[in-house]
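K.L.:
need a structure here:
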Amino acid sequence: MTCDVLRERERIRRRVLWALACLRPGDPNASDLLAILDDLDGQERNDTPYSDKPLDLIEVRNSVSVMRHNSGIDIILEQTIPQPWRERFHQASMGSTRVPDGPYATDWDKFLVEWEREMQHLQDHRLAKAANS
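P.N.:
Residues are numbered from 1 along each chain as shown. Predicted coordinates for the structure are as follows:
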């Protein structure tokens, strides 16, 4: 998979997750958004070699290096974020303040917390859709 494909996939995922956040589980307007996310998940599964199990959130969190910047702020080293998480973080944090050496560690932590919340909200939507089928 090329960087452009990954970037576009995660850009779409981010926009759909933001749109889904405005809807309550069970809202019929969520069906098209859920279909898009299901398609993106399928594409990701097809791109992942069978021997590579996707990293869970704890593994991702533990894989990222934090360092103290000379400004006194903790930053993360972007190159230590495994894909597709690096691109997900990038898409979610467009326009965020950062230092040239890397994003603020607090922004990374907020992203991970928000990702967990978004995935729970997505699961609630999927459960509501299944219950209404």
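K.L.:
for the worst-scoring helix or strand of the chain on mean pLDDT, list the C-alpha coordinates in PDB.
P.N.:
Using mean pLDDT, DSSP states H and E, the weakest-scoring helix or strand in the chain turns out to be helix 57-63, at a mean of 91. What follows is helix 57-63, C-alpha atoms only, in PDB (Å, rounded to 0.1, in the frame of the first residue of the first chain):
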ATOM      1  CA  LEU A  57      -4.000   0.500  21.400                       C
ATOM      2  CA  ILE A  58      -1.800  -0.500  24.400                       C
ATOM      3  CA  GLU A  59       0.900  -1.900  22.000                       C
ATOM      4  CA  VAL A  60       0.800   1.300  20.000                       C
ATOM      5  CA  ARG A  61       1.000   3.500  23.100                       C
ATOM      6  CA  ASN A  62       3.900   1.500  24.400                       C
ATOM      7  CA  SER A  63       5.800   1.600  21.100                       C
END
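K.L.:
list the buried residues in that helix.
P.N.:
For helix 57-63, the neighbour count (16 or more other C-beta atoms under 10 Å) marks Val60 as buried. Every C-beta, even on glycine, is put in place using the N, C-alpha and C of the backbone.
K.L.:
downstream of it, the next helix or strand is which one?
P.N.:
Under the assignment DSSP states H and E, the closest C-terminal helix or strand after helix 57-63 is strand 66-68.
K.L.:
in the chain, which spans are strands?
P.N.:
For the chain, the strands defined by DSSP state E occupy 66-68, 74-76, 98-99, 102-103.
K.L.:
export the ones you listed to TSV and tack on mean pLDDT?
P.N.:
Formatted as TSV, those follow (pLDDT from 0 to 100):
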stretch	mean pLDDT
strand 66-68	96
strand 74-76	97
strand 98-99	94
strand 102-103	95
